[in-house]
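> Provide a 3D model corresponding to the input given below.
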Amino acid sequence: TEEFAKEQGFESIEDLRAKKSEEIVAREEARIANEYRGNLLQQVGANTEVAVPASMVEREVKARISEMEQQLTQQGMTMDMYMQMSGMTMEKMSEQIKPMAVNKIKMDVILDAIAKAESIEVSEEELGTKMEDVAKMYGMDTAKLEEELTKAGNLNAFKENVKIDSVMQKTVDFVVANAK
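Below is the predicted model:
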């Protein structure tokens, strides 16, 4: 009803319908774009031969397991509890994660090579914008984020990771833009 639309912050029922319709279209367009990117990158990976060192795979598997442990801890569980409930062993889990780890490393190597070949970089200004975005995500300004990271001794590593992620994103955008 008209009253409901106004309670929700819309001017009218027509305004509510129009804005919700726009949201649905935008969400679907984003989903299609993400699916296209994923398929395109999968194709690039499938058509590129890359030697993936076992040590890198091992490190990536350990990182994934560590991430999972953190998620379980946030949910009030331990890895042991999860293992018991799922009937998994650490070996089985590692074997399940291994193909994903190989694909991630392969994509990282490919995207890194493309970034270098195309001289794709992130400027200090772009890094500053990304740092602002991250700070907003944590509900603080950039200076406060940098202060907290400095206290923890992680500022430089954090900025480097943001820079690497940004280069990878720009490289993916480049691949998508130049797909034939």
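
> next one: phi and psi at residue 152?
phi -80, psi -10 (degrees, to the nearest 10).

> what sits against it?
If a contact means Cβ atoms under 8 Å, 6 or more residues apart in numbering, then residue 152 has no contacts. All C-beta spots, glycine's among them, are computed from the backbone N, C-alpha and C.

> where's it relative to residue 133, distance?
20 Å (Cβ to Cβ, to the nearest Å).

> Tell me where the model's unsure across the chain.
180 (pLDDT under 70).

> ranges for the helices of it?
For the chain, the helices defined by DSSP state H occupy 2-7, 13-46, 54-74, 79-86, 90-117, 124-137, 142-151, 155-177.

> Measure how the fifth one sits relative to helix 13-46, angle-wise.
In this case it means helix 90-117. Orientation check (axes from the mean of the first three to the mean of the last three Cα atoms, to 10 degrees): helix 90-117 against helix 13-46 gives 90 degrees.

> Same list (the helices of the chain) but as CSV, adding mean neighbour count.
Converted to CSV, the helices of the chain look like this (neighbours: other Cβ atoms under 10 Å):
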stretch, mean neighbour count
helix 2-7, 12
helix 13-46, 12
helix 54-74, 13
helix 79-86, 12
helix 90-117, 15
helix 124-137, 13
helix 142-151, 14
helix 155-177, 15
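
> Residue 63 versus the residue nearest to residue 111 when sequence neighbours are not counted, what's the distance?
Closest residue in space to residue 111, ignoring its immediate chain neighbours: residue 171 at 4.6 Å, by Cβ to Cβ, 6 or more residues apart in numbering. Distance of residue 171 to residue 63, computed by Cβ to Cβ: 21 Å.

> try residue 32
With Cβ to Cβ as the criterion, residue 32 and residue 63 are 30 Å apart.

> cool, and residue 159?
Distance from residue 159 to residue 63, by Cβ to Cβ: 20 Å.

> Likewise for residue 175?
From residue 175 to residue 63 the distance is 24 Å (Cβ to Cβ).

> swap in residue 24?
Distance from residue 24 to residue 63, by Cβ to Cβ: 36 Å.
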